[in-house]
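Chemist: predicted structure and sequence below. I'll ask about it afterward.
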Protein chains: 2
Amino acid sequence: MSANSLMQLAGQLSSGAVKVVDLTQVLGPDTPVIQLPEPFANSPAFKSEVISEFDDGGPAWYWNQISCGEHTGTHFDAPGHWISGKEYNDGTTDTIDVNNLVGPACVMDFSKESAENNDFLLEPEHIKAWEAEHGSIEAGSWVLMRTDWSKREGADFLNADENGPHTPGPSEAAIKYLLEERNIMGWGVETVGTDAGAAGGFETPFPAHTLMHGANKYGLASLNNLDQLPPKGAIIIAPPLKIENGSGSPLRVLALVES
Amino acid sequence: MSANSLMQLAGQLSSGAVKVVDLTQVLGPDTPVIQLPEPFANSPAFKSEVISEFDDGGPAWYWNQISCGEHTGTHFDAPGHWISGKEYNDGTTDTIDVNNLVGPACVMDFSKESAENNDFLLEPEHIKAWEAEHGSIEAGSWVLMRTDWSKREGADFLNADENGPHTPGPSEAAIKYLLEERNIMGWGVETVGTDAGAAGGFETPFPAHTLMHGANKYGLASLNNLDQLPPKGAIIIAPPLKIENGSGSPLRVLALVES
Ligand SMILES: [Mn+2]
Ligand SMILES: [Mn+2]
């Protein structure tokens, strides 16, 4: 066995000392999709149609045609998704630096707060309290906000009423802190989008989108299984499809965790 | 800094001592798709349609609807894609064990042989010669056949004439050796499918599909940049979309390499 550190990782994966955690929702016709109010255009749901299934069209093989919006289910937001990030020449799914797609994760558990207040907003003081307990967020980290929202289903997941959706997310000040004081790589959530449900009405609307993408940084939405990650110590792998000029994409998000 | 080995990896990624190599083709309308002869059903090409692009439908955001076959561009073949693997209850994109999606890669360079003979077949003796030079293939490895086929474009990539496609791939004996003697996890190629162009006429038709999937193992097609990987020492990350009952999917394939 080589002393090479990647070969050590291979050995740990093989022995089970490092395990892979799936942070991804199932992608199917029932996968929740964000619902925008009039007059905005909405994304279609995921659809799958059989091409052949052990039949005359393909006696030994089964395959499907699929369609969906780029922002469906567990998905990646590229800088070019937002007007603040549209000028970056490495800001779409085909041009981003792949070195940015694998990195350390900081997982902040605000599930209790989010259960008590569905409109819970993460503020800089919450992050600073987390850092006081777990250590400072390193530059280049992915910060993941655990809310246990992924345990909800159907209408409870989108959680909208006549005033719009009620889902937790970050304040503008929280995103500014993470970008300006910590220089993070990405921001990930369990909810349908990276911003709070009420974020369209904030002084800076949709701060996770506006500020993160304005800084050429990334977002991840509809993550699962954040309760299986340690506060620090996991490596997240978040590789979007390499769609030509893509604004984002559904993806399989994995985490490496020491067991 | 923690002594934790995943945190060492995070440090190596941050310092550039470990870099990420993108093994993925761009996914767009020109992405080559396998062409099956009559009477078999074929897969549509990739298509993207704008939902909104900084316009009335979405003044601050850009996004698209996408559609394609599950086996388009750089893609993953799940066991359930093939009749020999259809009974596995962990054989579709939503049920496979995610621990199998990250592992060591063995990269075998047969680019010279494939240039000289477009129908080049990899045989057990080629693999044994590679092992004599680089060491035995460990169980659980992904074996990737470099042919430089990814440097071809358009018709030269599919390389078909009136007798069908002429593209390199493995013999039945080679796949048997890799499965039975080495217990590999996956088989990956640069060509449009995991089997040789002529493999429909083999004694066991499509042995990479029939035998690999029959053993609940995986395939990767249309890989890029295999010439940037060492023969041994890279870790491959191959996470398909978590499509409900999916036979495979386009995906972003990454490799971790020590620089
Ligand atoms: Mn999105
Ligand atoms: Mn395929």
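Modeler: Everything's here; your move. Ligands and ions are numbered 1, 2, ... in the order given.

Chemist: the closest residue to ligand 2 within the stretch 101-250 of chain A - how many residues pack around it?
Modeler: Across the stretch 101-250 of chain A, no residue is closer to ligand 2 than residue A:241, which sits at 15.5 Å (C-beta to the ion). Using the backbone N, CA and C atoms, a C-beta is placed for each residue, glycine as well. By other C-beta atoms under 10 Å in any protein chain shown, the residues close to residue A:241 number 28.

Chemist: ok, for it, nearest residue in space, not its chain neighbours?
Modeler: residue A:249 (4.1 Å; C-beta to C-beta, 6 or more residues apart in numbering or on different chains).

Chemist: give the contact list for the one you found.
Modeler: A:70, A:75, A:76, A:93, A:240, A:241, A:243, B:66 (C-beta atoms under 8 Å, 6 or more residues apart in numbering or on different chains).

Chemist: again, but for residue A:233
Modeler: Taking C-beta under 8 Å, 6+ apart, we find residue A:233 in contact with A:104, A:257, A:258, B:2, B:4, B:6, B:7.

Chemist: likewise for residue A:48?
Modeler: By C-beta under 8 Å, 6+ apart, residue A:48 lies in contact with A:28, A:29, A:64, A:65, A:66, B:243, B:244, B:245, B:246.

Chemist: what residues sit buried inside the helix or strand containing residue A:129?
Modeler: Here residue A:129 is covered by helix A:124-134, with elements defined by DSSP states H and E. By 16 or more other C-beta atoms under 10 Å in any protein chain shown, the buried positions in helix A:124-134 come out as A:124, A:126, A:127, A:130.

Chemist: with stretch A:35-54 instead?
Modeler: So, applying 16+ other C-beta under 10 Å, buried residues of stretch A:35-54: A:36, A:40, A:41, A:42, A:43, A:45, A:46, A:48, A:51, A:52.

Chemist: the second one reaches residue B:63, doesn't it?
Modeler: Just to be clear, that refers to residue A:40. No: counting by C-beta atoms under 8 Å, residue A:40 sits too far from residue B:63 to count as a contact (10.8 Å).

Chemist: give me the common contacts of those two.
Modeler: Common neighbours of residue A:40 and residue B:63 (C-beta under 8 Å, 6+ apart) are residue B:52.

Chemist: please enumerate the strands of the stretch 1-150 of chain A.
Modeler: For the stretch 1-150 of chain A, the strands defined by DSSP state E, counting those that start in this stretch cover A:18-22, A:47-55, A:58-69, A:75-77, A:102-109, A:121-122, A:142-146.

Chemist: hey, which of these is tucked in deepest?
Modeler: Most buried of those, by mean neighbour count (mean count of other C-beta atoms under 10 Å in any protein chain shown): strand A:75-77, with a mean of 29.

Chemist: can you list the residues of chain A near ligand 1?
Modeler: Chain A comes close to ligand 1 at residues A:71, A:77, as judged by C-beta under 5 Å from the ion.

Chemist: neighbours around the residue lying closest to residue A:82 once chain neighbours are set aside, how many?
Modeler: Once flanking residues are discounted, residue A:82 sits nearest to residue A:213: 3.8 Å by C-beta to C-beta, 6+ apart. Residue A:213: 28 surrounding residues under other C-beta under 10 Å.

Chemist: got it, and residue A:208?
Modeler: 29.

Chemist: state the three-state secondary structure for it.
Modeler: helix (DSSP: H, G, I helix; E, B strand; the rest coil).

Chemist: now do the contacts for it.
Modeler: Contact partners of residue A:208, counting by C-beta under 8 Å, 6+ apart, are A:169, A:170, A:175, A:187, A:194, A:195, A:199, A:219.

Chemist: restricted to helices, list those residues.
Modeler: residue A:175 (DSSP state H).

Chemist: would you list the contacts of residue A:208 in a markdown table and tack on pLDDT?
Modeler: Listed next are those as a markdown table, based on pLDDT from 0 to 100:
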| residue | pLDDT |
| --- | --- |
| A:169 | 98 |
| A:170 | 98 |
| A:175 | 98 |
| A:187 | 99 |
| A:194 | 98 |
| A:195 | 98 |
| A:199 | 97 |
| A:219 | 99 |
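
Chemist: buried subset of the contacts of residue A:208?
Modeler: Of all the contacts of residue A:208 considered here, the ones buried according to neighbour count by 16+ other C-beta under 10 Å are A:169, A:170, A:175, A:187, A:194, A:195, A:199, A:219.

Chemist: so the nearest residue to the last one once chain neighbours are set aside bridges to which residues?
Modeler: When the adjacent residues along the chain are set aside, residue A:219 lies closest to residue A:77, with 3.4 Å between them (C-beta to C-beta, 6+ apart). Beta bridges link residue A:77 to residue A:219, residue A:248 when assigned by DSSP bridges.

Chemist: please name the residues that touch residue A:77.
Modeler: A:71, A:194, A:209, A:212, A:213, A:218, A:219, A:220, A:221, A:247, A:248.

Chemist: could you report the pLDDT at residue A:5?
Modeler: Residue A:5 is assigned 84 on the pLDDT scale.

Chemist: and it, how many neighbours?
Modeler: 17.

Chemist: assess the claim that it and residue B:258 are in contact.
Modeler: Yes: the criterion here is C-beta under 8 Å, and residue A:5 meets it with residue B:258 at 7.1 Å.

Chemist: where does the prediction get shaky in chain A?
Modeler: Scanning chain A with the threshold set as pLDDT under 70 gives A:1-3.

Chemist: so what's whatever residue of the stretch 1-150 of chain A ends up closest to ligand 2 bridging to?
Modeler: Here the stretch 1-150 of chain A gets closest to ligand 2 at one residue, residue A:63, 7.4 Å apart by C-beta to the ion. Taking DSSP bridges as the rule, residue A:63 bridges to residue A:52.

Chemist: please tell me how far it sits from ligand 1.
Modeler: 27 Å (C-beta to the ion, to the nearest Å).

Chemist: so what's that residue up against?
Modeler: A:50, A:51, A:52, B:43, B:69, B:70, B:71, B:81, B:247, B:248.

Chemist: residue contacts, the first one?
Modeler: Pointing back at residue A:50 there. Each residue near residue A:50 by C-beta under 8 Å, 6+ apart is listed here: A:62, A:63, A:64.

Chemist: who's in contact with residue A:228?
Modeler: Contacts of residue A:228 by C-beta under 8 Å, 6+ apart are A:21, A:255, A:257.

Chemist: meant to ask about residue A:29, not that
Modeler: Residue A:29 neighbours (C-beta under 8 Å, 6+ apart): A:45, A:46, A:47, A:48, B:244.
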